[in-house]
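# sequence? don't have it. structure:
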């Protein structure tokens, strides 16, 4: 389907995309670039990329598909770097967890070429970062959200949709605003909370003892707290308005529960827990492959 | 090891204990009682108990070991019900997630027999309740916290320790106060937060759409929100002082992150995320069996 993938960012997300593309037979060659030469070299040694490029621009040379898989704040610099070598049939995508800021950066830097860019957010990840943890099946069975804008070119959007579908994903299309509001609630806020909880516990004198007693509920609840600090610093800052609004709604709900607890209002408390429990029990992850 | 187990409460925790005891060959007969006759009947039909008792008192008749596995607020009534049939060699345990309140109830109601009671909290559970979900391996590889008091009899404490060890658990002993402080931080607060988050999302007009977009991070983070409302109403109320204190610490940490986000203070934000991420990455569940 594609001749050459230019991969900018050979970490977990980029490395996994490269592996998935090769496994699905969707690309012949992959040229990779990472900010850290060590990462690019490891990616080549692991056979995830075929060749190392010395710059983002050169990673794009000769590519018909480009994936930018860097922390959100580095996206604009990547756009700038590759602009000189863009060609009219190229498909450019990212994998960022926020979309409005990335689109703003694309408009500012790609300008007349902004239509080549199909903003993408695959709902997949791991709490361990780095190319070593790349996984050809990371995206299989997951949702991918595409947030095209008016200027996005139709052939590029079609290619992107076909590609992710071939990788086993369920492709959804929505506006960048809808995307950012939804993921503030169901992803960015849970991460923020998990970070705050880990710090709240470890900051106490008995924090270590407390942690040594934690069980499987805590393990699952805090799994996302181990996420990559660079990536999540950018996400929380990029989507700050939606995130802070969601955090306020959360804190109001938390405080409503606290009042019932301190008042000993068992019936009202049970009612609110029941509502939460029912909502969660009726929820299931939306994907093709529920594993 | 034991002749007869009197099981009061044939739900997930009690049913799993009965199955584990039988599987390990630690008990010959099990007589069960549940508040709901349907539950007791199902437990017998499933072969989890050998006989149904019409009351908590009669479940204890002839038993040399008694497990009380009911929501925390029903523990005192169970103690009262069984008191007339206690014998001097009996071992009585519970499986409650809070310990100070259960011990207070034991002192009030068991009085001179309080030494028979070994307060126990196995760090195990599932987000699905009910005898149907009982599992002979629920406790294997998990920690069990025993919180004896001065009056706890030494033979009972030894028996309890030996029993849980035979079930594959790692047995720890601590004071009820230490227990309740630790589990407020690593279990009760995460449940409270998970309930609040589910209600925060589902209470919004676009809540359903948001939930349909959530991925594996959200799935793990909110798993505990599906927990049993009766059980958790009681736990949150029983341990309210420690819980509310932990919730305040958590909210201060959350607000510290929020301030960095709204100020756009990337460096400080990354520092706090890094601290959380490192703490979580270095943590692992303390048990014999890490599955």
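Arrived safely. What you are looking at is a predicted structure, and each value in this text was computed from that prediction instead of being measured. Residues are numbered from 1 along each chain as shown, chains lettered A, B, ... in the order given.

# Would you mind checking the average pLDDT for stretch A:80-92?
What stretch A:80-92 shows for mean pLDDT is 96.

# Can you point out the buried residues in stretch A:170-187?
When burial is assessed from 16 or more other Cβ atoms under 10 Å in any protein chain shown, stretch A:170-187 yields the following buried residues: A:170-172, A:174, A:176, A:178-187. Bear in mind the C-beta positions are built from the backbone N, C-alpha and C, glycine included.

# wait, does it contact chain B?
Yes: judged by Cβ under 8 Å from any Cβ of the partner chain, stretch A:170-187 and chain B are in contact via A:172, A:178, A:181, A:182, A:183, A:185, A:186, A:187.

# Also stretch A:115-135?
Yes: Stretch A:115-135 is in contact with chain B by Cβ under 8 Å from any Cβ, via A:123, A:124, A:125, A:127, A:128.

# Apart from its chain neighbours, what residue comes closest to the first one?
Right, residue A:123. residue B:215 (3.7 Å; Cβ to Cβ, 6 or more residues apart in numbering or on different chains).

# got the contact list for the one you found?
A:123, A:124, A:125, A:142, A:143, A:186, A:187, A:285 (Cβ atoms under 8 Å, 6 or more residues apart in numbering or on different chains).

# redo that, cut-off 7 Å
Taking Cβ atoms under 7 Å, 6 or more residues apart in numbering or on different chains, we find residue B:215 in contact with A:123, A:124, A:142, A:143, A:187, A:285.

# Please tell me how far it sits from residue B:279.
Applying Cβ to Cβ, to the nearest Å, the value for residue B:215 to residue B:279 is 23 Å.

# repeat for residue A:33
Distance from residue A:33 to residue B:279, by Cβ to Cβ: 32 Å.

# When the two are compared, which one has more neighbours?
Of the pair residue A:33 and residue B:279, residue A:33 is the one with more neighbours under other Cβ atoms under 10 Å in any protein chain shown, namely 29 against 21.

# Next up, phi/psi of the residue nearest to that one when sequence neighbours are not counted, please.
Setting aside the residues directly before and after it, residue A:33 is nearest to residue A:59 in space (Cβ to Cβ, 6+ apart), at 3.8 Å. Backbone dihedrals for residue A:59, given as degrees, to the nearest 10, come out at phi -60, psi -20.

# Pretty sure residue A:59 sits against residue A:30.
No: judged on Cβ atoms under 7 Å, residue A:59 makes no contact with residue A:30 at a distance of 9.3 Å.

# between the two, what contacts are shared?
residue A:7.

# and the strand or helix carrying residue A:270, does that touch chain B?
Counting by DSSP states H and E, the element that carries residue A:270 is helix A:266-282. Yes: residues of helix A:266-282 are located near chain B by Cβ under 7 Å from any Cβ of the partner chain, namely A:266, A:269, A:270, A:272, A:273, A:274, A:275, A:276, A:277, A:279, A:280, A:281.

# which residues touch the residue lying closest to the last one once chain neighbours are set aside?
Read it as residue A:281. Among residues not flanking residue A:281 along the chain, residue B:226 sits closest, at 4.6 Å (Cβ to Cβ, 6+ apart). The contact partners of residue B:226, by Cβ under 7 Å, 6+ apart, come to A:277, A:280, A:281, B:127.

# Now the phi/psi pair for the closest residue to chain B within the stretch 1-150 of chain A, please.
Nearest to chain B, among the residues of the stretch 1-150 of chain A, is residue A:123, at 3.7 Å (Cβ to the nearest Cβ). Main-chain dihedrals, residue A:123, degrees, to the nearest 10: phi -90, psi 70.

# In which helix or strand does the residue nearest to the spatial centre of chain A reside?
When Cα atoms, centre = their mean is applied to chain A, the residue found nearest the centroid is residue A:97 (3.9 Å). In this assignment (DSSP H and E), residue A:97 forms part of neither any helix nor any strand.

# what's near enough to touch it?
Counting by Cβ under 7 Å, 6+ apart, the residues that residue A:97 touches are A:121, A:183, A:187, A:235.
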